[in-house]
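Colleague: One predicted model, sequence on top.
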Amino acid sequence: MTNRFTSAPRLLSTACLIAACAAAQAAPDGSAARERYQQDRQACLQGDTAQSRETCLREAGAALQAARAGQLAEQGAANADAYARNGVQRCDVFKEEQDRRACVARVNSGMTEGSVGGGGVLREAVTQVQLPQSQGQPAPAPASPMNQ
């Protein structure tokens, strides 16, 4: 006959086993993170980055630590969606609706030029605006050049 005092250790050990299995399942793949760290470290040592060697090695180590803790964002569609959402959220600072729409148009489409490593990413969007037709004649051109 079992009582609650004899079944408690068995229940506790089962709960610990389940928790350990769940933690192992949720842990990121350490070998992939370690392999990425080795690639980053090699690039740092060869001078293939825009950072100083010390900064590069420190960043590579921080990325490895973040990957082990499960805090490093995955590459792929989920990351691209988060990037796009972030870009549109940055347009919320504009008070005028026309300015906000122009910002969203720059984020979602248009030409992109440059890189973060090169100093910045420039986005350009072209918006065609219809000018209202005026009732009068256009203003005459100046008769003489401005620079005399």
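Modeller: Okay, I see it. In this text the structure is predicted, and so the values were computed from the model without any measurement. Residues are numbered from 1 along each chain as shown.
Colleague: what residues does the helix or strand Ala63 falls within touch?
Modeller: Assessed by DSSP states H and E, Ala63 sits inside helix 53-68. Outside of helix 53-68, the residues within contact range by C-beta atoms under 8 Å, 6 or more residues apart in numbering are 28, 30, 32-34, 36-37, 40-41, 43-45, 47, 49, 51, 72. Just so you know, the C-beta spots here come from the backbone N, C-alpha and C atoms, and that holds for glycine as well.
Colleague: buried sites along it?
Modeller: Neighbour counts over helix 53-68 (16 or more other C-beta atoms under 10 Å) mark 56-57, 60, 63-64, 67-68 as buried.
Colleague: shaky segments in the chain?
Modeller: In the predicted model, the chain carries pLDDT under 70 at residues 1-29, 73-78, 135-148.
Colleague: now the helices: where do they sit in it?
Modeller: 4-26, 30-46, 53-68, 77-89, 97-108 (DSSP state H).
Colleague: What is the shortest one packed up against?
Modeller: If I follow you right, that is helix 97-108. If you count contacts as 3 or more C-beta pairs under 8 Å, 6 or more residues apart in numbering; DSSP states H and E, helix 97-108 packs onto helix 77-89, strand 120-124.
Colleague: List the buried residues in it.
Modeller: Buried positions in helix 97-108, judged by neighbour count with 16+ other C-beta under 10 Å: 103-104, 106-107.
Colleague: and the two most separated of those?
Modeller: Greatest spacing in the buried residues of helix 97-108, by C-beta to C-beta: Val104 and Arg106 (7.3 Å).
Colleague: List the residues that contact Arg100.
Modeller: Contacts of Arg100 (C-beta under 8 Å, 6+ apart): 91-92, 94.
Colleague: what do you get if the cut-off is 10 Å, keeping everything else the same?
Modeller: Listed by C-beta atoms under 10 Å, 6 or more residues apart in numbering, the contact set of Arg100 reads 88, 91-94.
Colleague: For it, give its distance to Arg90.
Modeller: Counting by C-beta to C-beta, to the nearest Å, the gap from Arg100 to Arg90 is 10 Å.
Colleague: same check, this time on Val126
Modeller: Val126 sits 20 Å away from Arg90, going by C-beta to C-beta.
Colleague: Who has more neighbours out of those two?
Modeller: Neighbour count, other C-beta atoms under 10 Å: between Val126 and Arg90, Arg90 has more, with 12 against 9.
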